[in-house]
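Model the structure of this input:
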Amino acid sequence: MASAQSTLPLPVKPQSRASSLPQGIFGEFKFESATHKKDRDDMSEPTFLNNEIRDWLMDCDLFNQLLPADFAAASGYFSISTIAQGEEIFQEGDAGSFMCIIHTGQVAVQKTTADGQRVTIATLRSGRSFGEMAVLDGERRSASCVAASNCQLLNLGKDSLEKMLNDAPKIAAKIIRALAVSLSKRLRMADGQLLSQQV
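Residues are numbered from 1 along each chain as shown. As a prediction, this is how the structure comes out:
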């Protein structure tokens, strides 16, 4: 888990909000390569983008229990976004509708203090997921996330996960289990750090 940085604010102020981009950047919007535009009615062959998403998912240790065929099937439910340094991905208190996995770059997790100042409490790097709770339980965001560098993210929307549960329940169950295990490990690590500070 990335080390906490409890007193250092992110040097670059958020310039804009990724969540304010046109509908579909996080989840439902599907891109097609030029090669497959003429075959858009034939969905039996994966698009170039789906192949790229599949490869990114396979590189992610989070899903190391999935089979090769699972990655291919799951790729159609994820999307890719590119986020510029300083851009806000989501804000503390927002209603959450998607989660992200960092493919490249770094993301700062920030909390707002009582006097209204934002402090960076952790920096997440390649392979880390964030925002899962909004997808799993629908609760509001417990922290803000800002791109600490230019980032490429894999995104999974809550609606997309629900669709996967209907279309491919076994694969969706594996993904949900992977997210739950990851969250559990991070919670135990946080508990351990808290106990060590109290000793």
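
For whichever strand or helix holds residue 173, the averaged confidence score.
Using DSSP states H and E, residue 173 maps to helix 169-198. Averaging pLDDT along helix 169-198 gives 76.

Kindly report the same for stretch 59-67.
90.

Tell me the gap between it and the middle of its chain.
From the chain centre to the centre of stretch 59-67 is a distance of 15 Å (C-alpha atoms, centre = their mean, to the nearest Å).

Kindly report the same for stretch 109-116.
On the basis of C-alpha atoms, centre = their mean, stretch 109-116 sits 22 Å off its chain's mean C-alpha point.

quick one: residue 165 and residue 172 touch, right?
Yes. Between residue 165 and residue 172 there is a contact under C-beta atoms under 8 Å: 4.4 Å. Quick note: C-beta positions are derived from backbone N, CA and C, even for glycine.

neighbour-wise, which of these two wins?
Neighbours per residue, other C-beta atoms under 10 Å: of residue 165 and residue 172, the larger number sits with residue 172, 21 against 15.

Give me the below-cutoff pLDDT ranges for the protein.
Residue ranges of the chain with pLDDT under 70: 1-47, 189-199.

Next, give phi and psi for the residue nearest the centre of it.
Residue closest to the average C-alpha location in the chain (C-alpha atoms, centre = their mean): residue 100, at 0.7 Å. Phi and psi for residue 100, reported as degrees, to the nearest 10, are phi -130, psi 150.
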